[in-house]
Every structure is written in structure tokens, then in C-alpha cells.
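[1] Give me a model of this one.
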Amino acid sequence: MRVPCRRAAQFPSTDSSAIIESPSRLSTVGQRRGAIGRNVETMEDMSSLAVVVLAAGKGTRMKSNRAKVLHPLCGQPMMGHLLRAAEQLSPARLLVVIGRDAEQVREGFAGRAEFVLQAEQRGTGHAVLQAMPKLEGSSGEVLILYGDTPLLRPETLEEMQQLKRRSGADLVMLSALLPLPGRVVRDREGRVERIVETTDATPEELRIEEGNTGVYLIDLELLREGLAAMRDDNEQGELYITDVVGHAVRSGRGVEALMLDDAEECLGVNNRRELAQAGAVLRRRTAERLMDEGVSIVDPNSTWIDVDVEVGQDTVIEPGCVIQGATVIGESVRVRPGCTIESSRIDDGLEVGPHAHLPPGTHVTAMWLRGTAASAPKKTKVRARPKKAGAKARAKKAGAKKARSKKKAARKKAGRKTPAKKGARKKAGARKPAAKKAARRR
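    The predicted model follows:
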């Protein structure tokens, strides 16, 4: 799979040593996870990172009673994908700012993060302010993320860390060539000058193609200064975290931008349509990963596989299958068309389907046909590759046939008729003369 490279935004005054190349994508889950943090020089650097996830939005466009970040997406709640990416950086603190549906979110991600309540939603800057007391007395860096951006890869976050260290910048932001809510305004020399929200932008600024994703890696000291300098004299009357970028530029701090070529990563989910788009991207990534690992997927577009599903080499998955949850499929398995498999286990070398439904907890083993190790409900349509009947079974069948033949021959010899079958008797009764039937009716 060819993976688009990312590039650091280059400015005339930037030292060429600060420009880095993106590492190539790794093919297996284990390799990818092992690569995260590989370029972090010391454990002290790793432990100085705090992650703040903003998840206090109202989510009104989802039109749902469920918190937006809890909507299911390829086997995980939406924000679960982002938290997984952040966790792979081994941060010292992982804070989630919550607002509406706070209790739902606490319960949904209990044990994975610390929670901070933003009782009144007054903008992204105000949300980050609520988390600052938790970082009192700390030093190091803060990574600011958003709970409704489930497609962000951990490799991208690692690249931001690398760029910050190589360039010596105080702030690294993530941008993309997309019409995002914030536009990146640069000076004549191409340096980042400020971020302007579209609601406050001039017609000329609205024509800028480079958008701000809102993801920042920033020194904690600079973040404190920038938050203190924020003002709410804008059309919305809110405090924007983007003002911190302008403060960093005005105070002469180093600001770098890492531009994404794969703009899908910064997709924010605000409604059901965008939720479906994000699901399509995650399913495509999962299918590509499995195919790179030796799994044959006949039609990836019609095959839906959740992100936590594990599949062994040389397995073939035919069109129209839905494989969900923590399913584990062995090697050399064939999943026939139209199967639905939910958090189940299938042993090596078996065949399932077509149109089978495996409910959660099913374990399909090689003994399925013999009925000694099947753990699925009776209505489950599953079959393993049939084996030839053993010699004992064949002898038993032949013996029964021979016994029937002997009985028939004995009756014939004794001059007795072979008794008619039950169905034949009924048919004979149906052929009685009409006169007898009429008399019986009288």
C-alpha cells in the first residue's frame, strides 16, 4: 500500500535541518504499535507529555440522546479511536474535558482518562483553561486533541513530536489543504502569522486554502501565557485556543506547521453523514491492513470488518460479510458470502456459511459436525468442511440395508404382502368410489 507522505511546511527562514521526512507506514499491528515512541530519546521526554482532549461539545447536529463521542464506530465508541492513538504516546496525563452528557462519557471511558468538567461552553480556549489546574506544577509539553476526530493516526502525532524536537519550535500545529473552520494566515515570507475563524474572517482570508485542524503540540509554559492573553472580542464572544498561535508569533516564539497530505485524518464528525464517512475510512484501513498481512478479501467494499478483528493468514473472506467486535478467525478459514460474525472464534481450516450468523461467544471448532464441541445455538447456520464417513459408520449403514432386504425376502417367501407405507395408505383411501363417499355422507 502506498501511503501519502506528510511534509513540514517550509518557510524561507526555516533551517533545512528542521525539515523531516515522514516514516513509511508499517504493515502489521504489532510493528505499528512498537514503532510509536521509538524516536523518543528518553523516558523523561515521554513522561513530560500531557494530552488534553476536548469533548464538551453539545453535538446537537447528531440529533441523538447519546453523547456524540459515544456513537459506535467500527466496534469502538467514536472517541475510543482517538484515545487509543493518544495512549500509544505513553503520556504522563490524559485529560478529557467534558460538558453535556458528562456522566455518559465518564462511564463510557472510565479508567482510561481523567475528566474535567466545562459547565459553560465558551469556546475551545475556555475548555483548555478548565484543564489547566490539573497541570499545576507540571512542565513539558501539551498535546491538544478533539474527541470527534477518530481518524487521526498515532504516527501523525509522533511526527509532530519529531518536528518539534528537530526544529526547536515552541509550538507545532497540524494543517491541511481543506476549507476547515480556521484558516492559516501567513505573512509575506510564508511564516504562520495567526489563525482566523471563518466566522471572523474577511473575504480575502476566506479564500485561503490551508486550514487549521486545531491539533497543537505546545510547550506548557507558552500555553499558560497564551491562555492568559486570550480575548473574547469576536463575533461569537468566545475564547479561542487559536489565539495562542497569534500570541506565540507576537512574542517571537518558534511556530512550525506540519501539513497533512492525507486530509481524511482531520475529519471531524458532527453529524450522521460524517459518522458514516469516518466508518468507511476505518473499514478501508482495516481491510488494507488485513490484506497486507496475508488475508484475501474478495470485495473490500462490501465487507465490513471492525478494527479489533484478528484474522489469520490464507483466510478468504467472501463478499457481503459483517465481522464485528473481538472476533478471532484462524488461518486457512473460508468465510462464505453473507455471514454475520459477532465476537466469535473460528478455528483453523474451517468453512463458515453461506449466510451464517454467529452470535457473540460462539466458538466454531473442527468437531462441529460431530456435535461434540459446538458452542453456538442450534439455529446457527455453520458447517465445517465435511469429512468422509469412517469405516465403522459405513459398515453400520450397509448392515441396516442388508437386514431390510432379508425381511422383505422372508415376507415374499411366506406369501405375505409388504405393508404399505403410511403415505400410500392415505392415497389408497383417497381413491374410494364416489358412491361409497356419497353414502357415507348420507
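
[2] quick one: contacts for A55?
    Applying Cβ atoms under 8 Å, 6 or more residues apart in numbering, we find A55 in contact with 69, 79, 96-99, 105, 146-148. The way it works is simple: take the backbone N, C-alpha and C, and place the C-beta from them, glycine included.

[3] repeat that for 7 Å
    Taking Cβ atoms under 7 Å, 6 or more residues apart in numbering as the contact definition, A55 lies against 69, 79, 96-98, 105, 147.

[4] Tell me which entries of those lie within strands.
    Counted as lying in strands by DSSP state E, out of the contacts of A55, are 96-98.

[5] Mind checking the pLDDT average for the lengthiest helix in the chain?
    Of all the elements of type helix in the chain, the one with the most residues (DSSP state H) is helix 391-413. Averaging pLDDT along helix 391-413 gives 75.

[6] From the contacts of A55, pick the one nearest V309.
    The nearest member of the contacts of A55 to V309, counting by Cβ to Cβ, is M79 at 20.2 Å.

[7] I'd guess A86 is in a helix, am I close?
    Yes. Using DSSP: H, G, I helix; E, B strand; the rest coil, the secondary structure at A86 is a helix.

[8] distance of it from R183?
    Taking Cβ to Cβ, to the nearest Å as the measure, A86 falls 26 Å from R183.

[9] my guess is V96 contacts R112, does it?
    No. Using Cβ atoms under 7 Å, V96 is not in contact with R112; the gap is 8.5 Å.

[10] ok, the two, which is more surrounded?
    V96 (27 against 14; other Cβ atoms under 10 Å).

[11] so where's the stretch 101-250 of the chain uncertain?
    The stretch 101-250 of the chain contains no residues with pLDDT under 70.

[12] Do you have the strands of it handy? List them.
    Assigned by DSSP state E, counting those that start in this stretch, the stretch 101-250 of the chain shows strands spanning 114-117, 141-146, 171-176, 182-186, 192-197, 211-219.

[13] Let's have those strands in JSON lines, adding mean neighbour count and distance to Q130.
    Compiled in JSON lines, those are given as follows (neighbours: other Cβ atoms under 10 Å; distance: least, Cβ to Cβ, whole Å):
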{"stretch": "strand 114-117", "mean neighbour count": "16", "distance to Q130": "5"}
{"stretch": "strand 141-146", "mean neighbour count": "23", "distance to Q130": "13"}
{"stretch": "strand 171-176", "mean neighbour count": "24", "distance to Q130": "20"}
{"stretch": "strand 182-186", "mean neighbour count": "22", "distance to Q130": "21"}
{"stretch": "strand 192-197", "mean neighbour count": "21", "distance to Q130": "20"}
{"stretch": "strand 211-219", "mean neighbour count": "24", "distance to Q130": "16"}
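
[14] right, and the ones you listed - which one's nearest I329?
    With Cβ to Cβ as the criterion, I329 lies closest to strand 141-146 of those, at 32.6 Å.

[15] next one: that closest one to chain centre, how far?
    Centre-to-centre, strand 141-146 and its host chain are 21 Å apart (Cα atoms, centre = their mean, to the nearest Å).

[16] Could I get the pLDDT score of M46?
    pLDDT at M46 comes out at 44.

[17] now swap in A326 and tell me
    96.

[18] That one should be in a strand, yeah?
    No. Going by three-state DSSP, the assignment for A326 is coil, not a strand.

[19] Number of residues surrounding A229?
    For A229, using other Cβ under 10 Å, the count is 14.

[20] Then the one 3 residues further on?
    D232 sits with 14 neighbouring residues when counted by other Cβ under 10 Å.

[21] what residues are up against the spatially closest residue to it that is not a sequence neighbour?
    Spatial nearest neighbour of D232, excluding adjacent residues (Cβ to Cβ, 6 or more residues apart in numbering): L239 at 5.4 Å. Contacts for L239 were tallied using Cβ under 7 Å, 6+ apart; they are 122-123, 125-126, 230, 232.

[22] among those residues, which ones are buried?
    122-123, 125-126, 230 (16 or more other Cβ atoms under 10 Å).

[23] any chance you could map the helices in this structure?
    Assigned by DSSP H, the chain shows helices spanning 29-35, 43-47, 78-87, 102-108, 124-131, 154-167, 203-206, 220-228, 243-250, 272-292, 391-413, 422-430, 434-441.

[24] Compare the ones you listed and give me the one nearest L350.
    Evaluated with Cβ to Cβ, those place helix 272-292 nearest to L350, the distance being 17.9 Å.

[25] what does the closest one contact?
    Helix 272-292 is contacted by residues 1, 27, 62, 71, 73-74, 150-151, 264, 267, 269, 297, 300, 303-305, 307, 311 when judged by Cβ under 7 Å, 6+ apart.

[26] Which of these are buried? Put it as a ChimeraX command.
    Selection command for ChimeraX covering only the buried members of the contacts of helix 272-292, criterion 16+ other Cβ under 10 Å:
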select :62,71,73,74,150,151,264,267,269,297,300,303,304,305,307,311
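
[27] Now do the same contact list for L152.
    Counted by Cβ under 7 Å, 6+ apart, L152 has contacts 82, 85, 265.
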